[in-house]
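**Student:** Structure for this input, please:
(2 chains)
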Amino acid sequence: MWRIPNRIAGAAVGLSASAGVLAAYLLTLAPGVVWSGAGIDSGDFAAAVAVGGVPHPTGYPTLMLLGLAVRPIPLGDLAFRLNVLTAFAAAGSLIPLGLLAARLRPRSGLPISLPEAASAAAVLTLYGLAPLVWSNAIVTEVYALASLLLWSAVYAAVRARTNALGDSAARWWAFASGMLLGLGTGAHITVALGAPALMAILLRGRWGSRLGRRPAAVAALGLVAGCSVFAYLPFAASLDPPINWGDPSNLERFWSVVSGEIYRPRVGGSDVGTTAAKAAWLLGQPARQLTWVLLPLLAAGGASLTRRHAWAALATGWIALSALAVGALYNSRDDEVLILPVLAVAAVWSLVGVDQVARLATAARTSIGRLVAAVLPALLIATAVIRGTELAPEVSMRDATHTQAFAHAALAQADANTVILTQDDRATFPLWYERYAPDGKSDVTIVDLRLWQFAWYRESLGRRSGLSTAAPPDQLLTAGAWPSSRPLWAVDIEVSGNRSAEVLATVRTLNEP
Amino acid sequence: MNRWLTAGMAAALVVLLVAAALWPSAPPPARAQTAPDVRLRETETPPARKTAGPPDASRLTLRLSSAALVEDGRALADGADLTLLAQPTYAALPGAGPNLVRISPAITVTARDAGGRDIGLSPTARLTFSQPGAASAGMYRLNGDAWHPVETVAVGQGLVVQPVGPGTYALFGALPPDWTVRHDVLTALALNAARLVVDDLAPKS
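**Tutor:** Numbering: from 1, shown residues only, chains lettered A, B, ... in the order given. As a prediction, this is how the structure comes out:
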């Protein structure tokens, strides 16, 4: 039987699955910014890229820098370009997972048969088509990029460990590992939780010697280098962009932004029972998201890792458990997505499980073993195809054009100097994008009343629009202090479901200039 | 590590994941948004007024001189009055495409016969403002007192009217994405629905 050489097995599996899911992502890609599903923040990100600004905390400098790189590319709308970037990052994140699993599988020194490679590619595809992964791959978000960088860092750490101590290649892999983790932290702050996993990979069994500790020290240097992307935030803020959350132009405000100070009230706060129930629900996500078919493979892979590469089981287990804890303790609209690393770990373990099951089936030399070896690839491929076909209409954002249509219509109707009041992300972010996109309407001011509490926001509005910062515009109107010549509008949002078409935005005029 | 111990741990992991997946708990209702919640505001700022009073209503009363409007299988008699009460606001139209703008959340249509008695419109009745040669149907913009065709607007059958309640219809107009939509134009579009009725129902002399 034709076999794939061991040295390219991981890349072959990762690339084939990546190409498959990329096609699915591009076919279901959102056409621009959206106000539903995983894309509610897409307008904030796209507007921030458009003006070279700072999006909501923690600032996401890695995404901003990549966004600035794709901004000049003449391919459709800027928001569409960023969606394409996200899709590529999400599809690309499957490659380090495939490479990592190839290093950890029980028969890692041997070539891999085509059916086994197909099984592995199907497992990775099931991960890429998990609703949580898919929905975050087709509209501008940070989680796909964070996943790509986290798992690239873990793979680089494994490469550093498998090279001989003192080898220059080991040092480079260690440096790359730390740097990728730093860049990942710039994509999403929770990637920093992968640092102990990297240290576990690099240091286990080597702590006793100075030479053994060197890769970890080099990785720490790489981490510092990667985290230098955060310098983007004060630099961007110093240019006073209109989207400038927290204005991180001094140290105190910088720390406030990168530490997510305004979101701290969302950490904890629930009673133990509620938190435990949420944790249980999140723990059930691997079965729901990746299908029940993978559970036996996941268990087989976990057992294999524990016996052969305990350090890898420990490292990946840490990543999964820390993500689960963060997901359980953090309360926000998108807290569910914080367990994406759990799904990725489940995918890696399942990939190892594929090899383990194939090894056992081959070793058994029985009819049952042959049956398992024959059925497993077909079962996994069929599951991936059915899963993708079933989920595509549900996940797809291809027709999610309502958001920009609303923002375009609202701004197009606004007279010069109109002030539009918002109190919902779904209104604020698309209006920001439409306002600050390259051909946006420059004489309209959008005021999110929820941000009025912050001095940096009031100051920025006052500087740009000449608005009085003494009180919010709606209060000034009530008090009769609103300039009669300046139209004041408000946007109401009605939400009846999670899909783009189930959000209705209505503009009201609050005064008649 | 002992083979049986790892097998036992693997089995326990499967049981745990299965139990968690089958646990009868609903998704957590955590729905805080990206921007901080209003409750976090340091100042006692009340939210924007929920309503600022009804927008100026544009009322247009039409006298039907020829019975051509068929509603619920019945023809409106000559001399019936048809009143449209339009409240021009605008919103993205869910589920209908990128360039459809809902001109009014509702247009109230009341019909009276020649004797002044109300004609009940069924809740599910669709009003179709069709006119002969619908392919040439277009929209008109009110410029001063005169209607001028807006040639860049391709609206298919002109207007779509959907029932949202007894005698209440939502009116939609299709607008190209680069078309400047202004409040007064939307008002004109809303009124233009009546114009289409007149065009359609007025006797051809």
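
**Student:** make it CA atoms for all contacts and neighbour counts henceforth
**Tutor:** Fine.

**Student:** Closest residue of chain A to chain B?
**Tutor:** Nearest residue of chain A to chain B (Cα to the nearest Cα) works out as residue A:284 at 3.6 Å.

**Student:** Grab the nearest non-local neighbour of that residue.
**Tutor:** residue B:21 (3.6 Å; Cα to Cα, 6 or more residues apart in numbering or on different chains).

**Student:** quick one: the one you found and residue A:283 touch, right?
**Tutor:** Yes: in this structure residue B:21 lies within contact range of residue A:283 using Cα atoms under 8 Å: 7.1 Å.

**Student:** Point out where chain B drops to low pLDDT.
**Tutor:** B:1, B:24-205 (pLDDT under 70).

**Student:** 50 - rerun?
**Tutor:** Within chain B, the ranges that satisfy pLDDT under 50 run B:30, B:37-108, B:121-205.

**Student:** So what's the residue count around residue A:118?
**Tutor:** As a burial measure, residue A:118 scores 21 neighbours (other Cα atoms under 10 Å in any protein chain shown).

**Student:** who does the one helix or strand it maps to touch, helix- and strand-wise?
**Tutor:** Using DSSP states H and E, the element containing residue A:118 is helix A:114-128. Helices and strands in packing contact with helix A:114-128 are listed as helix A:6-27, helix A:94-104, helix A:285-290, helix A:340-364, helix A:367-395; criterion 3 or more Cα pairs under 8 Å, 6 or more residues apart in numbering or on different chains; DSSP states H and E.

**Student:** Now residue A:422: phi and psi?
**Tutor:** Backbone geometry at residue A:422, expressed as degrees, to the nearest 10, gives phi -130, psi 160.

**Student:** I'd guessed it sits against residue A:448; true?
**Tutor:** Yes: between residue A:422 and residue A:448 there is a contact under Cα under 8 Å: 4.7 Å.

**Student:** Between the two, which is the more surrounded one?
**Tutor:** residue A:422 (25 against 20).

**Student:** roughly how far apart are the more buried one and residue A:212?
**Tutor:** Using Cα to Cα, to the nearest Å, residue A:422 is found at 56 Å from residue A:212.

**Student:** Residue A:461 too?
**Tutor:** 55 Å.

**Student:** now residue A:363
**Tutor:** To residue A:212, residue A:363 is 37 Å away according to Cα to Cα.

**Student:** More neighbours: the two, which one.
**Tutor:** Between residue A:363 and residue A:212, counting by other Cα under 10 Å, residue A:212 is the more crowded of the two (18 against 11).

**Student:** Which of the helices or strands spans that one?
**Tutor:** helix A:210-227.

**Student:** cool, residue A:490 as well?
**Tutor:** Secondary-structure element containing residue A:490, defined by DSSP H and E: strand A:488-495.

**Student:** That strand packs against which elements?
**Tutor:** Packing partners of strand A:488-495 (3+ Cα pairs under 8 Å, 6+ apart): strand A:419-422, helix A:425-436, strand A:503-509.

**Student:** mind giving me JSON lines with these and columns for mean pLDDT and distance to chain B?
**Tutor:** Below are those laid out as JSON lines (pLDDT from 0 to 100; distance: least, Cα to the nearest Cα, whole Å):
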{"stretch": "strand A:419-422", "mean pLDDT": "93", "distance to chain B": "8"}
{"stretch": "helix A:425-436", "mean pLDDT": "93", "distance to chain B": "7"}
{"stretch": "strand A:503-509", "mean pLDDT": "75", "distance to chain B": "5"}
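
**Student:** Export the ones you listed to a markdown table and append columns for distance to residue A:153.
**Tutor:** Listed next are the helices and strands packed on strand A:488-495 as a markdown table, based on distance: least, Cα to Cα, whole Å:
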| stretch | distance to residue A:153 |
| --- | --- |
| strand A:419-422 | 40 |
| helix A:425-436 | 32 |
| strand A:503-509 | 39 |
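
**Student:** Next, count neighbours for residue A:379.
**Tutor:** Residue A:379: 14 neighbours (other Cα under 10 Å).

**Student:** whoops, I mixed them up, residue A:273
**Tutor:** Here the number of neighbours of residue A:273 (other Cα under 10 Å) works out to 9.

**Student:** Helix, strand or coil: sort out it for me.
**Tutor:** What DSSP: H, G, I helix; E, B strand; the rest coil gives for residue A:273 is helix.

**Student:** Same question for the one 5 residues further on.
**Tutor:** With three-state DSSP as the basis, residue A:278 sits in helix.

**Student:** again with residue A:178
**Tutor:** Put simply, residue A:178 is helix when judged by three-state DSSP.

**Student:** Please report the distance of it from residue A:97.
**Tutor:** Distance from residue A:178 to residue A:97, by Cα to Cα: 17 Å.

**Student:** got it, and residue A:26?
**Tutor:** 21 Å.

**Student:** Give me the more crowded residue out of the two.
**Tutor:** Per other Cα under 10 Å, whichever of residue A:26 and residue A:97 has more neighbours is residue A:97, with 27 against 17.

**Student:** mind checking pLDDT for the more buried one?
**Tutor:** For residue A:97, the pLDDT comes out at 97.

**Student:** tell me the contacts of it?
**Tutor:** A:14, A:124, A:151-152, A:155, A:344, A:347-348 (Cα atoms under 8 Å, 6 or more residues apart in numbering or on different chains).

**Student:** OK, contacts around the residue of chain B found nearest chain A?
**Tutor:** Going by Cα to the nearest Cα, chain A is nearest to residue B:21 of chain B, at 3.6 Å. The contact partners of residue B:21, taken as Cα under 8 Å, 6+ apart, are A:280-281, A:283-285, A:287-288.
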